[in-house]
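Enquirer: Got a predicted structure here, sequence first:
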Amino acid sequence: MSQGFFLTGTDTEIGKTHSAVALIRHWQAQGQRVLAMKPVASGCEILPDGSWLNDDVARLVAASGQQDLDLMNPYRFLPPVSPHIAAREAGVEISLARIVSHYRQLAAQADTVLVEAAGGWLAPLADGVYMEDMARALQLPVILVVGMRLGCINHALLTVRAIEASGLTLAGWVANRVVPQQLAYADNLATLKAAIAAPLLLELPYEDSTAQSA
Ligand SMILES: Nc1ncnc2c1ncn2[C@@H]1O[C@H](COP(=O)(O)OP(=O)(O)OP(=O)(O)O)[C@@H](O)[C@H]1O
Ligand SMILES: C[C@H](N)[C@H](N)CCCCCC(=O)O
Ligand SMILES: [Mg+2]
């Protein structure tokens, strides 16, 4: 039996993919076969062969070692906009049934499948259809990535309430430090730990990419 998780975040660009890679490595270190899925990706580069590649997909593929891009990323769009706008412009209807079918094929090959959402919990896939509906269609426990910065307590607790209202289980959350210095970081973390019943799974430091490349 494989296990799956739906990875959401307090916003777009707060480190869902960054955290996904850390979670994948963590599970791999336990000896698990891990596959990732990015069902809907907006914002792609055009490769020399004319195909489209989203950066999240590239990072998830690099971490998991998987090869079937169409299976793990059935929907991709060129402009980096909300999926409902990108899909509408492309004349594409995103099928949750197709995403569930792809998920099941991946689950048959893995111990753990991590599904990364686009944007936050209520980022739209179509008019009146949200990431929440994808999570409900997949019926997966949710992992919430909190981008640790001023304002994240409100965003995190709103998202936790919305996940609970959807009837899904919050399996845990990740504290991802997206700014080099958050004032009163320890106090912010303690506040979130006290307010969120689900466990803190990982605490990820701020990684200075300038320092890394220097
Ligand atoms: N802990 C961190 N330290 C430094 N930079 C980070 C950290 N986490 C994320 N970033 C940077 O922030 C940016 C956004 O991160 P990431 O792509 O993981 O966000 P996301 O939530 O997956 O976004 P999207 O909604 O587009 O999927 C990237 O440039 C990433 O390198
Ligand atoms: C393009 C971006 N990086 C994400 N893939 C999509 C973010 C959707 C956000 C929708 C919204 O909440 O306004
Ligand atoms: Mg991402």
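Expert: Perfect, thanks for sending it. Ligands and ions are numbered 1, 2, ... in the order given.
Enquirer: interface residues of this protein facing ligand 1?
Expert: 9, 12-18, 56, 118-119, 176-178, 204, 206-207 (Cβ under 6 Å from any ligand atom). No exception for glycine: its C-beta is placed from N, CA and C like everyone else's.
Enquirer: which bits of this protein sit near ligand 3?
Expert: In this structure, the chain approaches ligand 3 at residues 16, 17, 56, judged by Cβ under 5 Å from the ion.
Enquirer: Does the residue of the chain found nearest ligand 3 lie in a helix or a strand, and which?
Expert: Closest residue of the chain to ligand 3, Cβ to the ion: residue 17 (3.4 Å). Assigned by DSSP states H and E, residue 17 falls within helix 16-29.
Enquirer: Run through who's touching that helix.
Expert: Residues outside helix 16-29 that contact it (Cβ atoms under 8 Å, 6 or more residues apart in numbering): 5, 7-9, 34, 36, 55-56, 59-60, 63-64, 111-112, 114, 116-117, 143, 145, 174, 176, 201-202, 204, 207.
Enquirer: Buried members of the residues you listed into ChimeraX, please.
Expert: Entered in ChimeraX, the line below selects the buried ones among these, by 16 or more other Cβ atoms under 10 Å:
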select :5,7,8,9,34,36,56,59,60,63,64,111,112,114,116,117,143,145,174,176,201,204
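Enquirer: Sitting in strands, which of the contacts of helix 16-29 do you find?
Expert: Among the contacts of helix 16-29, the residues falling in strands (DSSP state E) are 5, 7-9, 34, 36, 112, 114, 116, 143, 145, 174, 176, 201-202, 204.
Enquirer: Hmm, residue 5 and residue 103 touching each other?
Expert: No: the criterion here is Cβ atoms under 8 Å, and residue 103 misses it with residue 5 at 11.2 Å.
Enquirer: Could you tell me which residues touch both of the two?
Expert: What both residue 103 and residue 5 touch, as defined by Cβ under 8 Å, 6+ apart, is the set 113, 115.
Enquirer: from the middle of its chain, how far away would stretch 97-115 be?
Expert: Averaging C-alpha positions (Cα atoms, centre = their mean, to the nearest Å) puts stretch 97-115 15 Å from its chain's average.
Enquirer: which one is the residue of the chain found nearest ligand 2 nearest to, not counting chain neighbours?
Expert: Nearest residue of the chain to ligand 2, counting by Cβ to the nearest ligand atom: residue 119, 3.1 Å away. Spatial nearest neighbour of residue 119, excluding adjacent residues (Cβ to Cβ, 6 or more residues apart in numbering): residue 12 at 4.4 Å.
Enquirer: Is it correct that the one you found is in contact with residue 120?
Expert: Yes: counting by Cβ under 8 Å, residue 12 touches residue 120, with 6.5 Å between them.
Enquirer: buried subset of the residues of the chain next to ligand 1?
Expert: 9, 14-18, 56, 118-119, 176-178, 204.
Enquirer: which pair in the residues you listed spans the largest distance?
Expert: Greatest spatial distance among these (Cβ to Cβ): 118 and 177, at 22.0 Å.
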